[in-house]
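Engineer: What follows is a protein structure lacking sequence information:
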């Protein structure tokens, strides 16, 4: 099935440096582009904590007993980053997804660049 054409959206995905930090399924979510950078910052921070912190660390941060060591940073009006390696990046981009005849996602393109969907594919 052909792609439907690019649409503006927040693309939230894992990024990393080096194979030791690679993430099996790098695409986390796609959101409405009208959501604010602050809203996306809160989301990205919570996802990072859920995946990278122990439950004890999450509780300490949630109750104010400990500051979050990797709080999200809004770097531009349409870019949010959180974490070290791997880290999460959320950006407003022109996103296009190609779907096969069975309804499976087979290709993701963001701002004209093909990105891996999972397992480095």
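Structural biologist: Received the coordinates, thanks. A quick note: this is a predicted structure, and the numbers were derived from the prediction, not measured. Residues are numbered from 1 along each chain as shown.

Engineer: Could you use CA atoms for every contact and neighbour count after this?
Structural biologist: Fine.

Engineer: helices and strands around the lengthiest strand in the chain, which ones?
Structural biologist: Longest strand of the chain, by residue count under DSSP state E: strand 87-99. Under the contact criterion of 3 or more CA pairs under 8 Å, 6 or more residues apart in numbering; DSSP states H and E, strand 87-99 touches strand 7-15, helix 37-52, strand 79-83, strand 105-110.

Engineer: Now do the same contact list for the residue nearest to residue 17 when sequence neighbours are not counted.
Structural biologist: Spatial nearest neighbour of residue 17, excluding adjacent residues (CA to CA, 6 or more residues apart in numbering): residue 85 at 6.5 Å. Residue 85 is in contact with 15, 16, 17, 21, counting by CA atoms under 8 Å, 6 or more residues apart in numbering.

Engineer: Look up the pLDDT of the second one for me, please.
Structural biologist: What that stands for is residue 16. Looking at residue 16, its pLDDT is 93.

Engineer: Quick check: which ranges of this structure have low pLDDT?
Structural biologist: Along the chain, segments meeting pLDDT under 70 span 1-4, 119-121.

Engineer: Hmm, residue 95 and residue 111 touching each other?
Structural biologist: Yes. Using CA atoms under 8 Å, residue 111 is in contact with residue 95, at 6.6 Å.

Engineer: Looking at those two, which is more packed in?
Structural biologist: residue 95 (20 against 14; other CA atoms under 10 Å).

Engineer: Could you give the separation of stretch 25-32 from the chain centroid?
Structural biologist: 5 Å (CA atoms, centre = their mean, to the nearest Å).

Engineer: residues making contact with it?
Structural biologist: Contacts of stretch 25-32 (CA under 8 Å, 6+ apart): 9, 10, 11, 12, 13, 14, 15, 116, 117, 118, 119, 120.

Engineer: Which of the residues you listed has the largest number of neighbours?
Structural biologist: Top of the contacts of stretch 25-32 by neighbour count (other CA under 10 Å): residue 10, with 26 neighbours.
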